[in-house]
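Peer 1: Dropping the sequence and predicted coords here.
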Amino acid sequence: MNEEPVAKPASEPATKAEVAIPLNEVVISLYEAQDKIYPRSVSGFFTKWRWVMIWLTQIFFYGVPWLEWGHRQALLFDLEAKRFYIFNLVLYPQDLIYLTAILIISALSLFLFTAIAGRLWCGYTCPQTVYTEIFLWIERKIEGDRAVRMKLDASTMSSKKLARKTLKHFVWIVFALITGFTFVGYFTPIRELSKELFSLSLGPWEIFWVCFYGFATYGNAGFMREQVCKYMCPYARFQSAMFDDDTLIVTYDEERGEPRGGRSRKAEVNTKELGSCIDCSLCVQVCPTGIDIRKGLQYECIGCGACADVCDTVMDKMGYERGLVKYSTQHAITNKWTHKQMVQRILRPRVLIYASILGLIIVALMTSLWLRTHFRVDVVRDRGVMARLSDDGKLENVYRLQIMNGTESVQHYKLSASGINDLEIESEAVSDGEESEHENHDNTIMVNPAESRWLIVDLKIPDGSLESGSHKIEFKIEDVESKEIVTEKSVFLVPR
Ligand code: SF4
Ligand code: SF4
């Protein structure tokens, strides 16, 4: 029924919203206030696997920054020094292509995995799910399971309630700060960070990032929870494009379950003309996103399998066959396929295309890493010094070369140039913008492990030996120890 909006008397000021909304339009809110979800604890096959994944991901996350590789942290993204250390790899900003390739591989792996197994990533390994599960576990240990927590939240404030809430938030905050500290340890050597922490000498930026990441963990896992998956995660929105009827999803077997209805444990399904679903609502109570899987596939479902676990428990108690709620595919459910038939559909065109592209990129990355030289060179013409005549009457061009040693040992690099007859080369090492002593003899420079050095290079030719204009030249830099060679092209300018 459409009610005509009642206009206010002219003397009564209209609110902002009333002014903005035309009288004949219906307002639909983009945000719907929702009741808090109190997921009930659950046990079973998939819950065990979820905890296995939680342990594995957390051991990895908290453990890896403490691993040493030689005399440094094994995995360190040193933004200040513009170097990424990934075990025996040292990457410079010039190696951004490798990081891009790693990101593309991650994205394609997610596409492939989603096409095969649906949202298993969300349910088992996504940091949002993992931390929500950990925070929920802490909450259950301190406040109790679903019913007790609901009762506690509904009760008026008392010393008992205050003590439990305070303890819960204290443990959450400590855990969140440890998480923030570990996260920062991927960007600043974690052992130095620990020393600074215990000597209370952490820098302001380090404090900021520990608190920022800790606060994000506390907020997302303690309060936002399923709201992040429902409203903030882009993956939830576009994953349906990767789904097809052979993608593994958590499904309710409607044909078997309906008509649902309560009954005594011993009642025969057939005599009451009921399906296997006893309408206990436990599948809804355990769901971390608060949905009812019996309504079909919904974008809020993160594929955690909690509803399948609890429903199997119910089926066991009732003496019915398990699997009323289970991982299956739309095709398998519709066509009543066997498990074998379902598995055979894994290798379908979409999966093969994703897998082929992924395989090609991985092979290309590996080959590129294998063939990659262990040092990099950047050549810059010194724009501050144009071509000029030197004291000895020769025509001179000046260049700046940066040599980056990507190995873990001291290396020596020999520099030469070619492309023009009678080309002479002189080089001088520069350190931190200041010219240092002539450490380079015979145009050979020493560079410390995983460090870079700048060189000022003078190229000279006899004056008048070349016509005016730009002439192509090539720098050749040879690693004296490994004999690897890098060449860089540039130009030599002869003024009119
Ligand atoms: S847990 Fe199983 S039996 Fe209970 S309501 Fe859900 S689907 Fe039905
Ligand atoms: S519907 Fe089931 S699988 Fe989906 S999120 Fe809820 S409990 Fe997890």
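Peer 2: Okay, I see it. All of these numbers come straight from a predicted model, not from anything done at the bench. Ligands and ions are numbered 1, 2, ... in the order given.

Peer 1: burial measure for residue 215, as a count.
Peer 2: 14 (other CB atoms under 10 Å). Bear in mind the C-beta positions are built from the backbone N, C-alpha and C, glycine included.

Peer 1: is it true that residue 481 lies in a helix?
Peer 2: No: applying DSSP: H, G, I helix; E, B strand; the rest coil, one finds residue 481 to be coil, outside a helix.

Peer 1: Would you enumerate the residues in contact with it?
Peer 2: By CB atoms under 8 Å, 6 or more residues apart in numbering, residue 481 lies in contact with 409, 411, 412.

Peer 1: The last one bridge partners, please.
Peer 2: So the one you mean is residue 412. Beta bridges link residue 412 to residue 446, judged by DSSP bridges.

Peer 1: Find me the pLDDT at it, would you?
Peer 2: On pLDDT, residue 412 comes in at 92.

Peer 1: follow-up on the earlier one: format the contacts of residue 481 as CSV; extra columns: neighbour count and distance to residue 51.
Peer 2: Converted to CSV, the contacts of residue 481 look like this (neighbours: other CB atoms under 10 Å; distance: CB to CB, whole Å):
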residue, neighbour count, distance to residue 51
409, 12, 43
411, 22, 47
412, 15, 53
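
Peer 1: quick one, what contacts residue 425?
Peer 2: 415, 416, 417, 443, 457, 458, 459, 460.

Peer 1: Just the element for the second one, please.
Peer 2: Under the criterion of DSSP states H and E, residue 416 resides in strand 411-418.

Peer 1: Using CSV, write out every CA atom in that strand.
Peer 2: Extracted C-alpha coordinates of strand 411-418, given in CSV (Å, rounded to 0.1, in the frame of the first residue of the first chain):
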residue,chain,number,x,y,z
GLN,A,411,81.9,-9.0,-6.2
HIS,A,412,84.3,-7.1,-8.6
TYR,A,413,83.0,-5.7,-11.8
LYS,A,414,85.1,-4.7,-14.8
LEU,A,415,83.9,-1.9,-17.0
SER,A,416,84.5,-1.2,-20.7
ALA,A,417,82.9,0.7,-23.5
SER,A,418,82.7,0.2,-27.3
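
Peer 1: Now distance to residue 282 too, for the contacts of residue 481, in CSV please.
Peer 2: As requested, the contacts of residue 481 are exported to CSV (distance: CB to CB, whole Å):
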residue, distance to residue 282
409, 62
411, 65
412, 70
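
Peer 1: what does this structure put close to ligand 2?
Peer 2: Applying CB under 6 Å from any ligand atom, we find that the chain lies next to ligand 2 at 250, 286-289, 291, 293, 301-307.

Peer 1: give me that answer again for 5 Å
Peer 2: 250, 287, 289, 293, 301, 302, 304, 306, 307 (CB under 5 Å from any ligand atom).

Peer 1: what about the first one, which SS state?
Peer 2: When states are read from three-state DSSP, the local structure at residue 250 comes out as strand.

Peer 1: I'd guessed it sits against residue 307; true?
Peer 2: Yes: counting by CB atoms under 8 Å, residue 307 is a contact partner of residue 250 at 6.5 Å.

Peer 1: Give the residues shared as contacts by the two.
Peer 2: Contacts common to residue 250 and residue 307, judged by CB under 8 Å, 6+ apart, are 293, 325.

Peer 1: hmm, back to that, mind listing what's buried along the following helix or strand past the strand holding residue 416?
Peer 2: Sequence-wise, the next helix or strand downstream of strand 411-418 (DSSP H and E) is strand 424-431. Within strand 424-431, the residues that qualify as buried are 427, 428, 429, 430, counting by 16 or more other CB atoms under 10 Å.

Peer 1: Stretch 133-146 now?
Peer 2: Buried residues in stretch 133-146, counted by 16+ other CB under 10 Å: 133, 134, 135, 136, 138, 139, 140, 142, 143.

Peer 1: Near ligand 1, which residues of the stretch 151-300 of the chain are found?
Peer 2: Residues of the stretch 151-300 of the chain lying close to ligand 1 by CB under 5 Å from any ligand atom are 277, 278, 280, 282, 283.

Peer 1: nearest to ligand 2, of the contacts of residue 425?
Peer 2: residue 415 (61.3 Å; CB to the nearest ligand atom).

Peer 1: so what's the closest one up against?
Peer 2: 401, 425, 427, 440, 443, 444, 445, 455, 457, 475, 476, 477.

Peer 1: Nearest residue to the second one in space, please, no chain neighbours.
Peer 2: So the one you mean is residue 425. residue 417 (5.0 Å; CB to CB, 6 or more residues apart in numbering).

Peer 1: hang on, the one you found packs against residue 476?
Peer 2: Yes: look at residue 417 against residue 476 with CB under 8 Å: they come within range, at 7.1 Å.

Peer 1: are any of the contacts of residue 425 buried, and which?
Peer 2: Using 16+ other CB under 10 Å, the buried ones in the contacts of residue 425 are 415, 417, 443, 457, 458, 459, 460.

Peer 1: Pipe those residues into JSON lines and attach secondary structure per row.
Peer 2: Output for these, formatted as JSON lines (three-state DSSP):
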{"residue": "415", "secondary structure": "strand"}
{"residue": "417", "secondary structure": "strand"}
{"residue": "443", "secondary structure": "coil"}
{"residue": "457", "secondary structure": "strand"}
{"residue": "458", "secondary structure": "strand"}
{"residue": "459", "secondary structure": "strand"}
{"residue": "460", "secondary structure": "strand"}
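
Peer 1: Among these, show me the least confident.
Peer 2: Pick the lowest pLDDT in these and you get residue 443, at 84.

Peer 1: Ignoring the adjacent residues along the chain, who's closest to that one?
Peer 2: Nearest non-adjacent residue to residue 443 (CB to CB, 6+ apart): residue 415, at 4.4 Å.

Peer 1: Now do the contacts for whatever residue of the stretch 1-150 of the chain ends up closest to ligand 2.
Peer 2: Of all residues in the stretch 1-150 of the chain, residue 123 sits closest to ligand 2, at 6.2 Å by CB to the nearest ligand atom. Residue 123 makes contact with 50, 129, 302, 303, 304, 305 under the criterion CB under 8 Å, 6+ apart.
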